[in-house]
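[1] here is my input; please provide its structure:
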Amino acid sequence: MASGMSIFWADQVLDKILRSEDFISPATLWCAAFNGVGAAANLRNNVITDEVTGVGYARVEVRGSSGITFSSASGGVSVQSSDITFPGAGGSWGTVNCVALLDSLDNVFIYGDLLNPAVVTTPDVLRIPTSQWIVTL
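    The predicted model follows:
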């Protein structure tokens, strides 16, 4: 899965590097799923639209107490270290085509289009297998 950096996060990185402004990394990130055609473009601009709303849907904790992390960056690349598994669907979630990592204030950090969009309905479980989310800068 290819990924992009949101404008929000790019601004934070540039201000940290070029202006020595503080940036406090959030203790927890949340993986959210999206099913809108324009979701990725909106996420790039830190605008959350078309997040899944189906029965059973919930964001998945990443980099907090869940143990889901990403590898140390090497060569400008970091890879997810374990499966990201959403709760089982209790109804239709539509076609999930994009995911993103958000903080608790809904700031978008990283987003990515799924290479194989998934039609999710009862009792499907949306899962991003280990090493499938590759973040490159």
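
[2] the one helix or strand Ser78 maps to - what's its average pLDDT?
    Assigned by DSSP states H and E, Ser78 falls within strand 77-79. Averaging pLDDT along strand 77-79 gives 91.

[3] contacts for that strand?
    With contact meaning C-beta atoms under 8 Å, 6 or more residues apart in numbering, strand 77-79 is reached by Phe70, Ser71, Ser72, Ser131, Trp133, Ile134, Val135, Thr136. The C-beta positions use only the backbone N, C-alpha and C, and glycine is treated the same way.

[4] pull the number of nearby residues for Asp124.
    When neighbours are defined as other C-beta atoms under 10 Å, Asp124 has 16 of them.

[5] that one against Ala89, yeah?
    Yes - assessed by C-beta atoms under 8 Å, Asp124 is found in contact with Ala89 at 5.0 Å.

[6] give the bridge partners for the residue nearest the centre of the chain, please.
    Residue closest to the average C-alpha location in the chain (C-alpha atoms, centre = their mean): Ala100, at 2.1 Å. Using DSSP bridges, the beta-bridge partners of Ala100 come out as Ala32, Tyr111.

[7] what separates it from Glu21, distance-wise?
    Noted for Ala100: a distance of 24 Å to Glu21, by C-beta to C-beta, to the nearest Å.

[8] with Gly75 instead?
    Between Gly75 and Glu21 the computed distance is 27 Å (C-beta to C-beta).

[9] so between those two, which is more surrounded?
    Glu21 (11 against 7).

[10] am I right that that one is in a strand?
    No - Glu21: not assigned to a strand; according to DSSP: H, G, I helix; E, B strand; the rest coil it is coil.

[11] ok, it touching Leu14?
    No - in this structure Glu21 lies outside contact range of Leu14 using C-beta under 8 Å: 9.2 Å.
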